[in-house]
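Trainee: kindly generate the corresponding structure for this input.
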Amino acid sequence: MIKAVIYTVNLLLVALVVGTMFGVWFGINPKQMPYPAYLEHHQKLIRSLNVKLPLLAAVGIVITVISAVLSRDDRYRMLMMIASAIFLIIAGIITRFLNQPINAKIMSWLLDNPPADWMRLRDDWWKWHIVRMIAGLIGLSLLIIALLIH
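Mentor: Coordinates of the predicted model:
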């Protein structure tokens with residue numbers, strides 16, 4: 001019973017994190033936005049998600065590792081969960097070292113004074129967001145497969 005609860009919480013947390021990544025990708029294309037709209041929107045996104053989502057992702061990774069340990073009697077499931085955790089960690093590393101430094105710069109921007117390189121930074125952020133979302137989707141998919149195949 002405890003395994004089932006942990007697996008369920010694991011899947012729920014990872015799905016929420018990856019679903020948020022997917023929602024940002026699916027619903028927001030910053031290349032279509034002029035600077036004022038982009039700045040307002042992105043700063044709002046940073047204020048609402050920049051701390052909460054990485055924290056939720058970290059908990060999801062820890063629970064994925066715990067799930068892998070709990071699955072040690074099923075080698076295939078355990079290996080799938082370890083692979084899932086690796087891809088989720090990759091997404092976390094991209095967030096921490098590629099997206100968040102750009103977020104910090106964006107938070108210092110002013111509406112009436114766009115930086116000369118704002119479009120390059122916007123495009124870099126978007127590129128890394130897509131890469132981390134793909135890593136997250138792979139991690140979530142591996143987790144789902146691990147939990148469905150018995």
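
Trainee: contact partners for Tyr7?
Mentor: When contacts are counted by C-beta atoms under 8 Å, 6 or more residues apart in numbering, Tyr7 touches 67, 70, 147. Just so you know, the C-beta spots here come from the backbone N, C-alpha and C atoms, and that holds for glycine as well.

Trainee: next, count neighbours for the second one.
Mentor: The local packing of Leu70 (other C-beta atoms under 10 Å) involves 18 other residues.

Trainee: what distance do you get for it to Ala83?
Mentor: Taking C-beta to C-beta, to the nearest Å as the measure, Leu70 falls 16 Å from Ala83.

Trainee: go through stretch 7-24 and flag the buried ones.
Mentor: By 16 or more other C-beta atoms under 10 Å, the buried positions in stretch 7-24 come out as 7, 10-11, 13-15, 17-18, 20-21, 24.

Trainee: how much space separates the spatially most distant residue from the centre of the chain from Pro36?
Mentor: For the chain, the residue at maximal distance from the C-alpha centroid (C-alpha atoms, centre = their mean) is Asp112, at 30.8 Å. Distance check for Asp112 against Pro36: by C-beta to C-beta, it reads 9 Å.

Trainee: any idea where the strands of the chain begin and end?
Mentor: Using DSSP state E, the chain contains no strands.

Trainee: and the lengthiest helix in it, how far out from the chain's middle?
Mentor: Determined from DSSP state H, the single longest helix within the chain is helix 118-148. Centroid separation between helix 118-148 and its chain, computed with C-alpha atoms, centre = their mean, to the nearest Å, is 6 Å.

Trainee: before we move on, what about stretch 65-75?
Mentor: That offset, for stretch 65-75, works out to 23 Å (C-alpha atoms, centre = their mean).

Trainee: can you tell me what sits against it?
Mentor: By C-beta under 8 Å, 6+ apart, stretch 65-75 touches 3, 6-7, 10, 77-78, 81-82, 85, 143, 146, 150.

Trainee: one more: stretch 29-48?
Mentor: With C-beta under 8 Å, 6+ apart as the test, stretch 29-48 has contacts from 24, 28, 103, 106-107, 109, 111, 114, 118, 122-123, 125-126.
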